[in-house]
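*Asks:* quick one: sequence plus predicted model below, questions after.
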Amino acid sequence: TTEPTTEPTTEPTTEPVTEPKEKPVAPEKVQATSSSSKIKVVWTPVEKADGYALFYRSPESTKWKKTVASTTETSHLFENVTQGKSFVVAVQSYVIDNDGSFLYGGYSTVDIMTKSAATSKITAIQNKSAVKLSWKAVRNTTHYRVYQMVNGEWKALGYTKKLEATIKKLSAGTKYTFAVRSCINVDGEYIRGDYSTIETATKTAAPKLSATKTTNSISLSWSKVAKAEGYRVFYKKAKTDAWKTTVSSTTGTQKTWTKLPENTTYIFAVQPYIRTASGVVWGEYNEITVKTDESWFWPIGNFPYEITSNFGWRESIFGLSNDHPAIDISGDDFYGIPIYAARSGKVIISDYMQYGYGYYVQIDHGDGFTTLYGHNSKLAVTEGQEVKKGQIISYAGSSGYSTGPHLHFEMRLNEEPVNPGIYYPDYKTTEE
């Protein structure tokens, strides 16, 4: 019937007992994506998990390696990963127990392969209808796939184990873009890696060349080449010489050189080109050999003279009109003076014609020109002999059909008579 008169005199002697935490379950889903040197792993969060640890191994191994000891995120990016290799990645959830220790739960895995890297450089060798591509080997790559850009889209041309591929049946002088992708063949399935590209072009056709020349100049012309963006011009003086560039780039189709030495041979080449992103593609080229003319030597040297009969229509020595294909040169004490080769060449006739030229010499100068020297008193060369400009070939006379000592000097170009006055502007070869 009475209340207690005193409070309890003792406190509880033990702390409340806390139950240990349960192991978390494994992430429900783990996914991975890769590039040539990176792997990104993403997983679903686990309820009540305090964090996650990540492990990896190769497919052939059973031993895991811890790569991330602890993270509270639900994704992780691995960088600087070996290219073209397969990995198994595991994500394991954990909780931190009451005593601070880690209590690991279940784990889930994902298989992933890094892509093989792109080849560092593609090079190309071209002709008019094909392009040969070459590239450097990529580590851990088994195959390469070649593509061609067609109408803005990549067209696969096929796989190869080689480090080269030739694409044929292309159009001349046309730009093309190609790609080479590194691949890994896994159980018959190709894992495609990164790729490199190259813009190149097939070679253009060679231009047609033509040339005109004088004693000190050469004019070179060439045909316009379809799709060519420009031309470069080379020259050399002998077949065995190295080419020298004389015009590095021009969009024109003609070039003239002046102040050249006479009687000098040049070999010219004209090569078209196309510019591409990977560099200049040089087309086919043609060559032409041109020799500057040798100047003409007056056939009687400095001997005083007069023109007794001009080139063209005249009254003949028999009172008949005819077309005179030469000039007749004479002078005081003309008989027996030396007659000289007008230019270097080969003697093709050294003979006597009774009813015409008398003793005469004809020289072939090798460029379409021939010269003839008639009515001589004596010949100093023989047929087949090579002579130099200014060399004595005969002595003036009055042999054959002649009314007195003189030189019948005849010039022909491609077998057609031409007026010597055209080629001897410093000499009086026509009457006043």
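*Replies:* Sure, I can see it.
*Asks:* just want the most central residue of the protein.
*Replies:* The geometric centre of the chain, computed from its C-alpha atoms, lies nearest to Trp282 (CA atoms, centre = their mean), at 3.0 Å.
*Asks:* surely that residue and Thr276 touch.
*Replies:* No: counting by CB atoms under 8 Å, Trp282 stays clear of Thr276, with 11.3 Å between them. Quick note: C-beta positions are derived from backbone N, CA and C, even for glycine.
*Asks:* can you classify the closest residue in space to Thr160 that isn't next to it in sequence by secondary structure?
*Replies:* Excluding the flanking residues, the one nearest Thr160 by CB to CB, 6 or more residues apart in numbering is Tyr144, at 5.6 Å. Secondary structure, DSSP: H, G, I helix; E, B strand; the rest coil: Tyr144 is strand.
*Asks:* now for Tyr144: which residues touch it?
*Replies:* Residues in contact with Tyr144 (CB atoms under 8 Å, 6 or more residues apart in numbering) are 119, 135, 138, 159-163, 165, 180-183.
*Asks:* beta partners of it?
*Replies:* On the basis of DSSP bridges, Tyr144 is bridged to Thr160, Ser182.
*Asks:* now it: how far from Phe311?
*Replies:* Tyr144 is 75 Å from Phe311, where distance means CB to CB, to the nearest Å.
*Asks:* same thing with Pro272?
*Replies:* Per CB to CB, Pro272 is found 45 Å from Phe311.
*Asks:* before we move on, what about Asp293?
*Replies:* For Asp293, the distance to Phe311 - CB to CB - is 20 Å.
*Asks:* comparing the two, which residue is more hemmed in?
*Replies:* Remark: of Asp293 and Phe311, Phe311 carries more neighbours, 23 against 19, as counted by other CB atoms under 10 Å.
*Asks:* my guess is Glu79 contacts Lys38. True?
*Replies:* Yes: counting by CB under 8 Å, Glu79 sits close enough to Lys38 to count as a contact (5.4 Å).
*Asks:* more neighbours, the two?
*Replies:* Lys38 (14 against 9).
*Asks:* and stretch 76-83, which residues are buried?
*Replies:* Residues His76, Phe78, Val81, Gln83 are the ones in stretch 76-83 that count as buried (16 or more other CB atoms under 10 Å).
*Asks:* just the residues you listed: which are in strands?
*Replies:* Counted as lying in strands by DSSP state E, out of the buried residues of stretch 76-83, are His76, Phe78.
*Asks:* out of the buried residues of stretch 76-83, which is nearest to Asp50?
*Replies:* Nearest to Asp50 among the buried residues of stretch 76-83: His76, at 16.3 Å, using CB to CB.
*Asks:* so for the closest residue in space to that closest one that isn't next to it in sequence, what's the pLDDT?
*Replies:* Nearest residue to His76, sequence neighbours excluded (CB to CB, 6+ apart): Val41, at 5.3 Å. We have a pLDDT of 96 for Val41.
*Asks:* surely Val41 and Ala32 touch.
*Replies:* Yes: under the criterion of CB under 8 Å, Val41 makes contact with Ala32 at 4.9 Å.
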